[in-house]
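In: give the three-dimensional model of this entry:
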Amino acid sequence: MKKIKNIILVLGFSFLSFSFVSDYFEISKNIEIFNAVYREINMFYVEEVKPGKLMKKAINSMLKSLDPYTTYIPESEVEDFKFQRTGVYGGIGAIISKVEEYVIVREPYYGFPAQKTGLMAGDKFLKINKEDVKGKSVEYISSKLKGEVGTKVNVVIIRENKEYSFNLKREKIKVDNVPYYGVLGDDVGYIVLSNFRENAAKEIQEAYSELNKKNPIKKLILDLRNNPGGLLNESVDIVNIFVSKSTEVVSTKSRHNEYIYKAKHKALDTEIPLVVLVNGGSASASEIVSGSLQDLDRAVIIGEKTYGKGLVQGTKPLPYNSQLKYTTAKYYLPSGRCIQEVNYSSILKADSLAENYTTLLGRKVSAGNGIHPDITVLNNQEVNSFLVSVIKNNYIFDFATEYRLQHKDFSLIKLDTNKIFKLFEDFISQKEHIYETSSEVYLDTLISTIKNEKYDNNKVVEICEKIEDIIKNEKSKDLYNNKTILLDFIIPEISSRFFYQKGRIEANLLNDKQIQKAKFILSDINEYNMIFEKIN
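Out: Purely as a prediction, here's the structure:
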């Protein structure tokens, strides 16, 4: 018997050795072929090629065939990649974007050089350190504004057709994972988590402690909406805040092994009624937190279906200070489900969607297509052609900028929405606001089809003209018909001009249907507990 076992062991080892040798030969062969093609193209192609650019495109094309999260990071982009992980960089502290020929300040971060020196949202960059930057890209401007902490940078901007010069001293910019926390009502704590960068769990614990210092909270809402995710270990530690030590939070399965992540620390609070808000922008680590808390029946999930990213990425250093970010595993929630929605290639296969999964208390949960909320509440507004044109033309942004320059203060408590809407009406009336509705597009197509089919007699033409007049008449009412949703965009934008990111978040809370539903569920403990009852 021992002899047979030895033979099986040898055969198994031989098979593995053969497999390894076979793979190694295949890799070596293809690298040799690729090198030959690359060399020949660089030497003999009809026109001169740039070797670095050609190689980067080849690498990107290869990785693109796998999944969107497996990417090559050249040395020039490594600092930006580090920022995604840490939220720390040396610079002036401002969000910037391109509008026509200029890169503008979209929003300064409160408490950092841009805001402290006096830069404002809407300022257009004209020069940086005496260099004319009109027409330059966002990436170029960003590289000029960033730099070693303590160094200085001079910027010349345009504001209300006047030039202003600012001397800024670069600082260590730390973008918080928790941009806002507060109390909604008497005893409902509210914490917004925007990223899962380093120290995300620590920041939530600190926010929780601060909330309890001012006025002990009895319920909590954790907002993960539009949070794209980040570090896996931070998601585990955040779940650990609300579940007991040694509880399984998530597991990962790769080609070679499986690893189970458990809560390592004593929980901060395992009893407080908890609601987690999610939507289609909640992905990856956000889905680990919301999905794990759902599987463990520790929180009520409210909002909209999440993105559906159940893939884990790792990084490896490459020569010349470049890096490779690549998918290493899939993650699985405590119920055993994987929520990866898209099958990107024949290599990356989707998990079975047919299996049934249940929470700790026996509630059914689905796999393979994101986290489905326990209570679905749609918060998104229906966007039509008029609204798209208003946003695309930056009218709301520009109006808020103008409002800030003409007003010394702003209060959400003393808000006169009718007065603000009248000001916006006056503002937009001065614009050449041309846009085409879906109805007009379809009517143009219909008229063209009628002409092609020779049905364009006087009667048909007359009917089409009447429809066109009706559409134009209705179109003239678009501004007023969209008053409510326009104010939902305008008020937070104005609030951000006076109170920055905190002001934007507080303004958005005013008419947030998902927040209102969360508060309602938390207001009745029996209603809250009923959600965890097993549904057969």
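
In: so in this protein, which strand runs the longest?
Out: Counting by DSSP state E, the longest strand found in the chain is strand 322-332.

In: convert the C-alpha atoms of that one to CSV, please.
Out: Below are the C-alpha coordinates for strand 322-332, written out as CSV (Å, rounded to 0.1, in the frame of the first residue of the first chain):
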residue,chain,number,x,y,z
SER,A,322,6.4,51.2,-13.0
GLN,A,323,3.8,48.9,-11.5
LEU,A,324,1.2,46.3,-12.4
LYS,A,325,-2.2,46.3,-10.8
TYR,A,326,-4.0,43.0,-11.5
THR,A,327,-6.9,41.0,-10.4
THR,A,328,-5.8,38.3,-8.0
ALA,A,329,-9.0,36.8,-6.6
LYS,A,330,-12.7,37.0,-6.2
TYR,A,331,-14.3,37.8,-2.9
TYR,A,332,-17.1,35.9,-1.2
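
In: quick one: distance of the helix or strand that that strand is followed by to the chain centre.
Out: Sequence-wise, the next helix or strand downstream of strand 322-332 (DSSP states H and E) is strand 357-358. Centroid separation between strand 357-358 and its chain, computed with C-alpha atoms, centre = their mean, to the nearest Å, is 28 Å.

In: what of stretch 522-536?
Out: The answer for stretch 522-536 is 30 Å, by C-alpha atoms, centre = their mean.

In: just the buried residues of it, please?
Out: 522, 528, 531-532 (16 or more other C-beta atoms under 10 Å). C-betas here are computed from N, CA, C, even on glycine.

In: got it, and stretch 428-436?
Out: For stretch 428-436, by 16+ other C-beta under 10 Å, it's 428, 435.

In: for stretch 238-249, same thing?
Out: Neighbour-count burial for stretch 238-249 [16+ other C-beta under 10 Å]: 238-243, 247-249.

In: can you pull out the helices in the stretch 151-300 of the chain?
Out: 200-214, 232-240, 285-295 (DSSP state H, counting those that start in this stretch).

In: list the contacts of the residue nearest in space to the middle of the chain.
Out: What sits nearest the mean C-alpha location of the chain, by C-alpha atoms, centre = their mean, is residue 228, with 4.2 Å. By C-beta atoms under 8 Å, 6 or more residues apart in numbering, the contact set of residue 228 is 195, 281, 283-284, 286.

In: what about the longest strand of the chain, average pLDDT?
Out: Averaging pLDDT along strand 322-332 gives 94.

In: show me this structure divided up by domain.
Out: If you go by automatic domain parsing, the domain ranges for the chain are 2-49, 88-174, 180-379, 382-511.

In: as a markdown table, these with distance to residue 75 would be great.
Out: What follows is the domains of the chain, written out as a markdown table (distance: least, C-beta to C-beta, whole Å):
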| stretch | distance to residue 75 |
| --- | --- |
| domain 2-49 | 20 |
| domain 88-174 | 13 |
| domain 180-379 | 4 |
| domain 382-511 | 31 |
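
In: and these, which is most packed in?
Out: Of the domains of the chain, the one with the most neighbours on average (mean count of other C-beta atoms under 10 Å) is domain 180-379, at a mean of 19.

In: what sits against residue 160?
Out: So residue 160 contacts residue 405 (C-beta under 8 Å, 6+ apart).

In: returning to that earlier point: ok, which of the domains of the chain comes nearest residue 65?
Out: For these, proximity to residue 65 was assessed by C-beta to C-beta; domain 180-379 is nearest, at 6.3 Å.

In: give me the distance from that closest one to the chain's centre.
Out: 15 Å.

In: now swap in stretch 36-52 and tell me
Out: So, by C-alpha atoms, centre = their mean, the centroid of stretch 36-52 is 39 Å from its chain's centroid.

In: ditto for stretch 76-83
Out: Using C-alpha atoms, centre = their mean, the offset of stretch 76-83 from its chain centre is 18 Å.
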